[in-house]
Every structure is written in C-alpha cells, then in structure tokens.
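Peer 1: Return a 3D structure for these sequence lines:
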Amino acid sequence: MKNISTTVWIIGIVAVIAALFAWSAFLQPSDPDVIARRGLHSHPQLAIYVKGEKVEIPQNIGLGAVHQPMHTHEDLPLIHLEFQGVVRKGDIMLGQFFKIWGKDMRQFGSNMRMTVNGKENTEYENYIMRDNDKIELQYD
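Peer 2: Below is the predicted model of the structure:
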C-alpha cells in the first residue's frame, strides 16, 4: 500500500512539473514575428501627398466578398486593423495595406519620403503600423 501511495505521489509531482513547463512555454513568445496571440484592434492613419496634393484613399478598401482584417471605412484617413487570433508582423506592415488596395506603394511618384508621427522613417513597405500612428507619404 505504501509503494502505491509513493508511486501516485511521484506521478502527480511529475504531472504538475510537466504542466508547469507546458504552461510556461505557452506564455513565452516562441516566434519573434508574432505581434499578438489573441487578436489586435488598432487604427493608424495614412495620408498620401503627390507634389503637395493630397491623394484620396478610397473608402471600403479590403471590404467586399472577403472581409480583410486590414481595411478602410468612411472615417478616413484611418486604416482599421481588426485581427482575430495570432497576428504576425507581416500582417500589419504598411506594404500589406497597399497590396490589399491593389496599388504599388511606389507608383505615386519619385523621391518618396515617409514620416511616422512627424519623424522621418525609411522602413516604407516594411513599417509595422501601430495604433494611432500618423503615417505620411510624400512624392515629388
């Protein structure tokens, strides 16, 4: 009887330790490309200027038969990032918005310059958009 009790205790302790390791692994971000595991809801802003003239970004980009988690509504210049589940860096890059729009980011003109929140930024297509960012693209 004592051997059975000891065996049950050992199995129980091993199970608890295994569960703690599994829980710890779940809490640790194992993929550096993962931005969020339980979805994301944010609203960066985008303004585009060609030779000083503002380019109107259309409403409802990314909305249609397939509702894209990155899209626009009538509240421009907001870009809606409304993701469920795991979100990776590539999902919320500025270049992804242009792909959904069906435009090449560099088609608007030469000498492209970008500012994010008033500061120059050269990440362009690779810029990972964040909530309340004010992104401005200027072309000569």
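
Peer 1: Convert the C-alpha atoms of stretch 34-43 to PDB, please.
Peer 2: Extracted C-alpha coordinates of stretch 34-43, given in PDB (Å, rounded to 0.1, in the frame of the first residue of the first chain):
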ATOM      1  CA  VAL A  34       4.200  37.300 -33.500                       C
ATOM      2  CA  ILE A  35       2.800  40.600 -32.500                       C
ATOM      3  CA  ALA A  36      -0.300  39.400 -30.700                       C
ATOM      4  CA  ARG A  37      -1.800  36.000 -29.900                       C
ATOM      5  CA  ARG A  38      -5.400  37.000 -29.200                       C
ATOM      6  CA  GLY A  39      -6.100  39.400 -31.900                       C
ATOM      7  CA  LEU A  40      -5.400  43.100 -32.500                       C
ATOM      8  CA  HIS A  41      -7.600  46.100 -33.000                       C
ATOM      9  CA  SER A  42      -5.900  49.400 -33.800                       C
ATOM     10  CA  HIS A  43      -6.200  52.400 -36.100                       C
END
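
Peer 1: Okay, buried residues for that stretch please.
Peer 2: 35-36, 40, 42-43 (16 or more other CB atoms under 10 Å). Bear in mind the C-beta positions are built from the backbone N, C-alpha and C, glycine included.

Peer 1: Quick one: distance of it to the chain centre.
Peer 2: Centroid separation between stretch 34-43 and its chain, computed with CA atoms, centre = their mean, to the nearest Å, is 6 Å.

Peer 1: What's opposite the residue lying closest to Met112 once chain neighbours are set aside in the beta bridge?
Peer 2: In this structure, Met112 finds its nearest non-sequential neighbour in Tyr139, 5.4 Å apart by CB to CB, 6 or more residues apart in numbering. On the basis of DSSP bridges, Tyr139 is bridged to Val50.

Peer 1: wouldn't Tyr139 be in contact with Met105 here?
Peer 2: No: with contacts counted by CB atoms under 8 Å, Tyr139 stays clear of Met105, the gap being 10.0 Å.
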